[in-house]
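# starting from these lines, generate the structure:
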Amino acid sequence: MDSLQQEEFDVLVVGGGATGCGCALDAASRGLRTALVEREDFSSGTSSRSTKLIHGGVRYLQKAILGLDLEQYKMVKEALHERANLLDIAPHLSYPLPIMLPVYKWWQLPYFWAGIKMYDLVAGSKCVKSSYAISKAKALELFPMLKSDKLVGAIVYYDGQHNDARMNLSIALTATRLGAITTNYTSVVKLLKKSVVNPDGSTDEKICGARCRDETSGREFDVRAKCVINATGPFTDELRQMDDATLKTICAPSMGVHITLPDYYSPEQMGLLDPNTSDGRVIFFLPWEGRTIAGTTDTPCTVTPNPAPTEDDIQFILQEVKNYLSPDVEVNCGLEPLHTTSQTDGLLLEGAHTWTPTMYISVAWDFDTLIILRKKVSLESPLCCTVGRRLHSGFPYIDAEVRYACREYAVTAVDIIARRLRLAFLNAKRFNSLDTDKKGYISLNDLRRSLEVRGQDVPGEKLHEILKEIDLNLNGQVELEEYLQMMAALKSGSISHSRFAQLAQMAEEHATKSVISVERSGGGV
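Numbers count the residues shown, from 1 in each chain. Here you go, the predicted structure:
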């Protein structure tokens, strides 16, 4: 806060969402002295309530081709370039995601195939992976919850998925690393102005900064800047009218609603695009944090700090999934502001430096302490009793993660729960229903009985095999974190993704075998 008052900035950005943090990073990367203020937490609005997709816009390409709209085509082309850039600069937060487009009429199969292939063609060298067609049987194998009646096949194409809130936070932290001053819980209460003399002798008022309030203490102070950028999203007109109360509104906010469904509504590593909803809108079903996100809507609305989904929007989405709907549903929505030579292209975001998908392997080889820690330290050990203390018996998060979140500008409990740990997407009800005695763990027999109730017959040998992989403390019991991993393993039919178990096994081997460099091994497991 003190740094904001000590100098005049070249740029003051108001708003800490994706647009604001992006502006701050762009300005800081160009050597401009930059400040950013956000009246709540970074990503507290729309930037944490998105569909989590990094996409070029398949439906916009369709409009561009059918309407011969060059501007729409250019927008898709640029979006596909930015998709590739985000996947490159933040590999720890983003990844390619296959999305299935089911086809229920034979004539649509070549039509959709040609359209998706055009999407790949426009992406050019920035294409994530090539699209392909699959049979009805394969589509049902990959996406068991699909309606099979009249299904003729499907097209699978690739876009990107990311952790939207943490991506935005990484952009803010990267701007800070490049010299920007970024603060959350700092609101603008007034725009500062000064008189300037024009060449003809007349005078005008020019914005030269803003009076800000520290929302945690109530203290007000002035921030001087040569330029003020309005990046307040749906609240654009609120800031504009601080400059001139007579200005007409230019923002037409639109509400995008998503509902959160149990994980079994979508495969673990594949999404679904439904282009044929009852009113012509597009609906996505996407895997996210062990759940399924379904949405989005596009409904005109009024501006509000805490938007609530309308019953009509909820019913529209529920109607599209009515044939396989569970009552275990959560809802969220965000507001989208619709309006009548980059230095950041390729700039790695915070956390991406030296990161690779196999970084955990090199860590196991580079540090000899891993095997010692595994044998001597547990969550119950006095050595780990403070930072390793579990915050709640029902969730696998520890005190150290909260401390780290505070270093990432977290101020309130909601900042940590909803936007740092993404705990709002984790549902522990199923585990708690099995843990009737509230011991914090369940037995394999409890798990097997629950699976049988759900119609899943899993052999005891397979359960023991998976438990052996994920039982990090070797106590033969299934705790919450292990339960979540086990259900993911049962769902995917594989246990090879359990990096924790791989890491522990490799540490054991490292204690007795010579080290092989990552380069020589190719980084494989």
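# so which residues of the stretch 201-350 of the chain form strands?
203-214, 220-225, 228-230, 251-261, 271-274, 283-288, 291-295, 299-300, 330-339 (DSSP state E, counting those that start in this stretch).
# kindly reformat these as a markdown table containing mean pLDDT.
Listed next are the strands of the stretch 201-350 of the chain as a markdown table, based on pLDDT from 0 to 100:
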| stretch | mean pLDDT |
| --- | --- |
| strand 203-214 | 91 |
| strand 220-225 | 94 |
| strand 228-230 | 94 |
| strand 251-261 | 83 |
| strand 271-274 | 86 |
| strand 283-288 | 86 |
| strand 291-295 | 83 |
| strand 299-300 | 80 |
| strand 330-339 | 54 |
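# for the chain, what are the low-confidence residue spans?
For the chain, applying pLDDT under 70 flags the ranges 278-280, 322-388, 391-396, 417-418, 422-433, 450-458, 462-463, 466-476, 480-525.
# out of the strands of the stretch 201-350 of the chain, which is closest to Thr412?
strand 203-214 (14.2 Å; C-beta to C-beta). (Each C-beta comes from the backbone N, C-alpha and C, glycine too.)
# tell me which other helices or strands that closest one touches.
Judged by 3 or more C-beta pairs under 8 Å, 6 or more residues apart in numbering; DSSP states H and E, strand 203-214 is in contact with strand 11-14, strand 186-197, strand 220-225, strand 228-230.
# got JSON lines for those strands, with distance to Ser254 and mean neighbour count too?
Below are the helices and strands packed on strand 203-214 laid out as JSON lines (distance: least, C-beta to C-beta, whole Å; neighbours: other C-beta atoms under 10 Å):
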{"stretch": "strand 11-14", "distance to Ser254": "21", "mean neighbour count": "28"}
{"stretch": "strand 186-197", "distance to Ser254": "24", "mean neighbour count": "15"}
{"stretch": "strand 220-225", "distance to Ser254": "30", "mean neighbour count": "18"}
{"stretch": "strand 228-230", "distance to Ser254": "18", "mean neighbour count": "21"}
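# so which of these is nearest Asp2?
strand 220-225 (9.0 Å).
# select, out of the helices and strands packed on strand 203-214, the one closest to Lys138.
When the helices and strands packed on strand 203-214 are compared by C-beta to C-beta, strand 11-14 sits nearest Lys138, at 47.8 Å.
# just to revisit the earlier point, out of the helices and strands packed on strand 203-214, flag the one nearest Leu86.
Among those, strand 11-14 comes nearest to Leu86, with 19.9 Å by C-beta to C-beta.
# so what's Pro300 bridging to?
Ser254 (DSSP bridges).
# and the strands in the stretch 1-150 of the chain?
Using DSSP E, counting those that start in this stretch, the strands of the stretch 1-150 of the chain run over 8-9, 11-14, 34-37, 53-54, 94-103, 132-135.
# so which of these comes closest to Pro309?
Smallest distance to Pro309 across the strands of the stretch 1-150 of the chain (C-beta to C-beta): 19.2 Å, for strand 53-54.
# what pairs with that closest one, parallel or antiparallel?
strand 153-162 (antiparallel).
# hmm, back to that, Ile171: which of the strands of the stretch 201-350 of the chain is closest?
Nearest to Ile171 among the strands of the stretch 201-350 of the chain is strand 228-230; the distance by C-beta to C-beta comes to 14.7 Å.
# by contact count, what packs against that closest one?
Counting contacts by 3+ C-beta pairs under 8 Å, 6+ apart, strand 228-230 is packed against strand 11-14, strand 203-214, helix 236-243.
# name every strand pairing with it and say which way it goes.
Using DSSP bridges, strand 228-230 pairs in its sheet with strand 11-14 (parallel).
# returning to what we had before: in CSV: the strands of the stretch 201-350 of the chain, plus distance to Leu12.
What follows is those, written out as CSV (distance: least, C-beta to C-beta, whole Å):
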stretch, distance to Leu12
strand 203-214, 6
strand 220-225, 4
strand 228-230, 5
strand 251-261, 20
strand 271-274, 39
strand 283-288, 34
strand 291-295, 34
strand 299-300, 31
strand 330-339, 19
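# which one of these is the most hemmed in?
Using mean count of other C-beta atoms under 10 Å, the stretch among the strands of the stretch 201-350 of the chain with the largest mean neighbour count is strand 291-295, at a mean of 24.
# tell me the contacts of Lys136?
With contact taken as C-beta atoms under 8 Å, 6 or more residues apart in numbering, Lys136 is in contact with Ser148, Leu151, Val152, Gly153, Ala154.
# and stretch 124-142, how far apart are its ends?
One end of stretch 124-142 to the other measures 27 Å (C-alpha to C-alpha, to the nearest Å).
# then stretch 411-421?
Start-to-end, stretch 411-421 (C-alpha to C-alpha) is 14 Å.
# got it, and stretch 38-50?
Terminal-residue distance, stretch 38-50 (C-alpha to C-alpha): 19 Å.
# start at 172, not 1
With the count now opening at 172, the last piece we talked about shows up as stretch 209-221.
# can you give the contact residues for it?
186-189, 191-192, 335-336, 339-340, 343, 353-359, 386, 404-405, 427, 429, 503-508, 580-583, 585-586, 589-590.
# for stretch 405-423, measure first residue to last.
OK, stretch 405-423 end separation, C-alpha to C-alpha: 8 Å.
# same question, stretch 379-395
6 Å.
# just stretch 322-339 next, same as before
Stretch 322-339: ends 39 Å apart by C-alpha to C-alpha.
# in that stretch, which residues are buried?
Residues of stretch 322-339 classed as buried under the neighbour-count rule (16 or more other C-beta atoms under 10 Å) are 322, 324-339.
# repeat that for stretch 295-307.
Lys297, Cys298, Val299, Ser302, Ala304, Ile305, Lys307.
# buried set for stretch 224-239?
Leu224, Ile225, His226, Gly227, Gly228, Val229, Tyr231, Leu232, Gln233, Ala235, Ile236.
# again, but for stretch 568-583
Tyr568, Ile569, Val573, Ala576, Glu579, Tyr580, Ala581.
# which of the residues you listed fall in helices?
Val573, Ala576 (DSSP state H).
# from the buried residues of stretch 568-583, which is closest to His263?
Using C-beta to C-beta, the buried residues of stretch 568-583 come closest to His263 at Glu579, 14.0 Å.
# against Ser296, how distant is that closest one?
Shown here: Glu579 relative to Ser296, a distance of 34 Å by C-beta to C-beta, to the nearest Å.
# same check, this time on Asn369
For Asn369, the distance to Ser296 - C-beta to C-beta - is 49 Å.
# switch the buried residues of stretch 568-583 over to TSV; also include distance to Arg411.
Putting these into TSV (distance: C-beta to C-beta, whole Å) gives the following:
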residue	distance to Arg411
Tyr568	41
Ile569	45
Val573	38
Ala576	34
Glu579	31
Tyr580	27
Ala581	30
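# pull the most distant pair out of the buried residues of stretch 568-583.
Distance extremes for those: the farthest pair is Ile569 and Tyr580 at 19.9 Å, using C-beta to C-beta.
# excluding chain neighbours, what is closest to Leu349?
Ala199 (4.0 Å; C-beta to C-beta, 6 or more residues apart in numbering).
# CA atoms only for stretch 222-236, dumped as CSV, please.
Provided in CSV are the C-alpha atoms of stretch 222-236 (Å, rounded to 0.1, in the frame of the first residue of the first chain):
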residue,chain,number,x,y,z
THR,A,222,-16.1,-22.6,-18.4
LYS,A,223,-12.3,-23.2,-17.7
LEU,A,224,-11.7,-23.6,-21.5
ILE,A,225,-8.9,-22.0,-23.5
HIS,A,226,-10.6,-22.0,-26.9
GLY,A,227,-10.6,-20.3,-30.3
GLY,A,228,-14.4,-20.4,-30.6
VAL,A,229,-15.7,-23.2,-32.8
ARG,A,230,-19.1,-21.5,-33.1
TYR,A,231,-17.5,-18.2,-34.1
LEU,A,232,-15.7,-19.9,-36.9
GLN,A,233,-19.0,-21.4,-38.1
LYS,A,234,-20.5,-17.8,-38.1
ALA,A,235,-17.4,-16.5,-40.0
ILE,A,236,-17.7,-19.2,-42.7
